[in-house]
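Just need the structure, nothing else, for what follows:
(2 chains)
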Amino acid sequence: MDNKIDILREEIKQRLSEVTDLSQLDSLRVAYLGKKGSVTALLKSMKELSNEEKKQFGAEVNKLKAEAAKRVEEKVAELNALAIEAEINSMPRFDITTPADLTRGSYHPITLVSRQCESIFRSMGFTVEDYPEVVTDYECFESVNIPKHHPARDMQDTYYLENGQLLKSQTSAAQNAILKKYGAALKENGVPIKAIFPGRCFRNEATDASHENTFFQMEGMMVDKDISISNLIYFMKTMLSEVFQRDVKVRLRPGFFPFVEPGFELDINCEICGGKGCSSCKHSGWLELCPCGMIHPNVLREGGIDPDEYTGFAFGLGLTRLAMMKYKVKDIRDLNSGNLKSLDQFTDDDE
Amino acid sequence: MFLSMNWISDFVDFSGLDKLELIRRFSLSTAEVENEIFFKGADLSGVVVAEIKSVENHPDSKKLHLLKVDAGGDELIDVVCGAPNVRVGMKTAFAKVGAKLGEITIAPRELAGFTSFGMCCGEAEIGISDDNSGIMEITDDVPNGTDLKEIYQIDDIVFEVDNKSLTNRPDLWGHYGIAREFAALTGRPLKPLDTADLDAYSELQKLDMKIEDPLCQRYSCLAVENITRSVSPVNMRIRLYYCGMRAINFLADLTNYLMLEMGQPMHAFDSRKVGAIRIKRFDEPFKFKTLDGVERNIDENTLMICNGDTPVAIAGIMGGLDSEIVEDTTTLTLESATFDAASIRKSTVRLAHRTDASMRYEKSLDPEMTVPAIARFLFLLSKYDGGVRVVSSLTDEYAFKYDVVELRFDKAFVDRYTGIEIDNDTIINTLTGLGFKASVSDDTFDVVVPSWRATKDVTMKADIIEEITRIYGYDNFAVNTTRSPLYPVRAEVVKSNEDKIKDILVKRFGLHEVHSYVWAYYDEQKALGIPVEDNIKLANATNPNIETIRRSMIPTQLCQVKTNTGYAPDFGIFEVGRVVTGMDENNLCVEKKNLAITLFSKTKSVREIYFELRDMLAVIADDLKHKPLDFAPAAAEHAYEHPVNLNTVILDGNEIGKIGIVHPTVGKKIDKKAAIVFAEIDMQAFAQVQNASIVYEEPSKYPPMDYDISVIVPSGVFYKDLRECWKNEGRGILRKTGIVDTYDTEHFHSITIRFEFSSNERTLSSAEVQEIMDKVISNLKSIKVEMRGNGER
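Numbering: from 1, shown residues only, chains lettered A, B, ... in the order given. This next block holds a predicted model:
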């Protein structure tokens, strides 16, 4: 009888070694270890044996059974390992250095620059305002201290509409509305007026590489008790340092703008030459960037704010100019061209 | 305007100071100085006064002469000279061997067989005028060999100030006013102008002069005779030339000189032509010839200087040809006047003729200046032409006087405005230096504004702040942040919606943001067959192509799509821009802020991109408002709209825009094969829709149950009609529905709809789901939507 067990053991060992896949293995397992399998059959053949023999033979068969099961387990593991290895070996080496597919949309460069300025000012507690493009003479001129026949109206050739309205020539056209919108909160609760307003402006002039009749500015204003020239310099310097990501040197010169008194031209030290003088800054080391000043008492008064009690500053940043400087756009007309070969490069900018 | 430091130095002592640094400070404190500073005479040396002792004709040349000149040395110098005006006894400018004229260094030189040891120079060669007609004629009595720079102010520093930056400063349109700024900046005194005493002539007869129009503020005049000098002194001519004016003759030069010095324009008439000076306007338009020989159209708004009823000059702009000084003029009448600034400006615009005089008058000149200007003029006239006689008393009518501006403010006001500490002494010294009368007691300042600043420039307290701070220097300011209390800042809904929409369209859908103009593009639209729809127009457009304000952004975008057809086979553009859709009851423009999107594809069907666009809008609505979009068929109204599939976009019951396909006529002009769809959304209408809050649903722990039905949808029935069939049948367990398959044949359009059921409380039974579905199917049947096959998928 022992012989039978040994033969079967050898046979299983032999057969298992020949197995190459899991399904073969499974049928082999059934053939030997299943209910009708050869090992089970051995147990059934014990009937004729004596009790003592049964006990011994049974133990031997069970040993074989456990042995066979273990061999099958090992074979399973071996086959799995082989399969994984085969899968690994079959994986080709990809060329990760091929050009990436960068197909995606793009923002207008003005949007990028404007957002950057907006986020700087938001972080300092300014609201971001929205305002129409068609405005009245009152909004654009009268309310910001530019009465009729004032030479300032000469300086900016305005697009007038047939009904006497006009396309706003400056974002200052929103000043009066902003003062009125937030005036009550200022007077009743002491909430300072802090607002910026990015918007499109229009000037009736011939266009060329550096002149456009349609461009963007960003107006900013702050009104409270005791707002000073010193504060104005602080905010301009801080904002421009953020925009240009460097410690910007600013310089104020007297400038004449009817809506401010005193009024300034603000220069920053030239980024390109670092202030030494180059062709971009006409060898002066300074770039004229932004008119600003203390809000004229007449403008405050017209907005319902008492200039004896409150002071404020205002500035008008040329967003189009800023975008051109930042992205080194040479022809201003590219910006309104709708030409995607120019514009699709401005995918995003996280500065 | 060009400014000469020599001239300014007549009035302020700059000794020991760096002039370039002063100019830099002027630029930071007063008005912008252009970057290029001119160092006049810097490249000139070795030019001396020399006398021509003999002149011989060159044997072979008609033009050349052989000269012997006395340049102050022991021996006469041989010079070959080609100038036509050489003569014996003439004194001229002589560049000795070794002299430098710009790039040229003078060396002995062979000229047609003779050696020239130096060069006789014309004024243009020395750089003191543009006269190159001959060599310079020196009439001043100076010894031969004297360096030219010792007798004439050739060395000078000239700088230019941008006229625009002087718009509000009528006092800075002459060197004397500029000198006052330098005096204040340096803290040095401003010297008074040397003037003649006009009172000496008060016994003489007055001129017949009368202001008959309020546009003339002041008119002062004086008659003089016996002017014999014709050529101006060299130094005067050099200054005029350095400041950008040509020397003409002594009298004309002197009026120009005075204008450049004091900023007061003056005019000299032939006294024979102005026996009765009247200043007035005419009722009828007429033609008038100005002294430049141009005939100009004068209208009833233009102020004129007249002799009785005969016009002789356009007030403040230019004199007339007929009253000009001519050769046989013996007596002349000097005019020094001020006029209404706005009137001069408007006349200038009407005549399209701007002069040095009108430029100054436009700025509101100080009427107090007219008489001192005559006194200064007479002083200079007498100084350079000793025989001049005054033949009238000063005749002066002062019709309009500005109010004296007096201001009172306290130290706290200055502190509040500046945010820094500027002490009382500095304030007083600054204001006094600028010509203000200023005093302080108990920190209260009393200031009287000088007449030259009071015409419009300094009228209120804030103006004084500028005077104090600009001279103090903004570079010297301490920089401080504010101490305002903090409050929350709320985002403007239209603006934040706009930002998010841009992000969705760029980041998720890969569209490109563009900008465009607010007016309709006539030419480009015409090429596409999109007529420009009537709308409000610009009143002063210079170009008919940009005349009419657009009603919609879609025509603009189609033009932009046209320019980009070669960019890529598929692309989409969008813009948030403005349109005017009409006029309101007050005849004001109804302006809208719109979002416009246009998709272009050569690889996809029009149906595909139409639904892409629909999904973009739906995602925007779902992201920003958590609300579904609805659509209603719309009738085409515009040339670019395809009549089929044009829909109104509805959000929360409000019409917020349109979506559609481009009309094939227009589409084919853009690209023969491409599909083009568009949408336009009213941003304000969109922003006004309240956003629904997110209602969180716990995921169910019980198994869900899906139930699919395939239905045949007859034409004219839309999915939203189907939706009505189960909208109220869900019993709280129908969680989601959606299309999982579509199947179209020639005969029918079929879709498979999946119903997803689940409950948070229990495991669902087939029976309860079946019950709901039976009701849904019966509802569908009632709108003629039948099952396809036997509920098979």
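
Next, the contact list for residue B:783, please.
Applying Cβ atoms under 8 Å, 6 or more residues apart in numbering or on different chains, one finds that residue B:783 lies in contact with B:717, B:721, B:722, B:725. Bear in mind the C-beta positions are built from the backbone N, C-alpha and C, glycine included.

measure it to residue B:724 for me?
Here the criterion is Cβ to Cβ, to the nearest Å. By it, residue B:783 lies 8 Å from residue B:724.

from the contacts of residue B:783, which single one is nearest chain A?
The shortest distance between chain A and any of the contacts of residue B:783, using Cβ to the nearest Cβ, involves residue B:722 and amounts to 34.0 Å.

I figured the closest one was touching residue B:713, is that so?
Yes - because the distance of 7.2 Å satisfies Cβ atoms under 8 Å, residue B:722 is recorded as touching residue B:713.

if I look at the two, which residues touch both of them?
Common neighbours of residue B:722 and residue B:713 (Cβ under 8 Å, 6+ apart) are residue B:785.

one step back: out of the contacts of residue B:783, which are buried?
In those, burial by neighbour count holds for B:717, B:722, B:725, counting by 16 or more other Cβ atoms under 10 Å in any protein chain shown.

In helices, which of these appear?
Counting by DSSP state H, the members of the buried ones among the contacts of residue B:783 that fall within helices are B:722, B:725.

Is it possible to get CSV of the buried ones among the contacts of residue B:783 that adds pLDDT and distance to chain A?
CSV is the format used below for these (pLDDT from 0 to 100; distance: Cβ to the nearest Cβ, whole Å):
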residue, pLDDT, distance to chain A
B:717, 92, 36
B:722, 94, 34
B:725, 94, 39
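
Let me have the buried ones among the contacts of residue B:783 in a markdown table, extended by distance to residue A:94.
Shown next, in a markdown table, are these (distance: Cβ to Cβ, whole Å):
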| residue | distance to residue A:94 |
| --- | --- |
| B:717 | 50 |
| B:722 | 46 |
| B:725 | 50 |
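
now, which of the buried ones among the contacts of residue B:783 sits nearest residue A:126?
Proximity of the buried ones among the contacts of residue B:783 to residue A:126 (Cβ to Cβ) peaks at residue B:722, which lies at 49.9 Å.

Contacts only, for that closest one.
Taking Cβ under 8 Å, 6+ apart, we find residue B:722 in contact with B:711, B:713, B:753, B:780, B:783, B:785.

In PyMOL, how would I select just the buried ones from these?
Applying 16+ other Cβ under 10 Å to those leaves a buried subset, and the PyMOL line that selects it is:
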select buried, chain B and resi 711+713+753+780+785
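
Now, the contacts of residue B:722 that are in strands?
When strands are assigned by DSSP state E, the members of the contacts of residue B:722 inside them are B:711, B:753.

Distance from the chain centre to the helix or strand that contains residue A:89, please.
Using DSSP states H and E, residue A:89 sits in helix A:51-90. Per Cα atoms, centre = their mean, to the nearest Å, the displacement of helix A:51-90 from the mean C-alpha position of its chain is 59 Å.

What helices and strands are in contact with the following helix or strand past it?
In the C-terminal direction, the helix or strand that comes right after helix A:51-90 (DSSP H and E) is helix A:109-123. In terms of contacts (3 or more Cβ pairs under 8 Å, 6 or more residues apart in numbering or on different chains; DSSP states H and E), helix A:109-123 is packed against strand A:127-128, strand A:193-202, strand A:214-224, helix A:229-244, helix A:319-327.

What angle do helix A:229-244 and the third one make with each other?
Going back to what we said before, that points to strand A:214-224. Using axes from the mean of the first three to the mean of the last three Cα atoms, to 10 degrees, the direction of strand A:214-224 lies 140 degrees away from that of helix A:229-244.

How about the last one?
Angle between the axes of helix A:319-327 and helix A:229-244 is 50 degrees (criterion: the same axes, to 10 degrees).

Kindly export helix A:319-327 (C-alpha atoms) in PDB.
C-alpha atoms of helix A:319-327 as PDB (Å, rounded to 0.1, in the frame of the first residue of the first chain):
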ATOM      1  CA  LEU A 319      -3.100  98.600 -17.400                       C
ATOM      2  CA  THR A 320      -2.500  98.400 -21.100                       C
ATOM      3  CA  ARG A 321       0.900 100.000 -20.700                       C
ATOM      4  CA  LEU A 322       1.700  97.700 -17.700                       C
ATOM      5  CA  ALA A 323       0.700  94.600 -19.800                       C
ATOM      6  CA  MET A 324       2.900  95.800 -22.600                       C
ATOM      7  CA  MET A 325       5.800  96.400 -20.300                       C
ATOM      8  CA  LYS A 326       5.400  93.200 -18.500                       C
ATOM      9  CA  TYR A 327       5.000  90.900 -21.600                       C
END
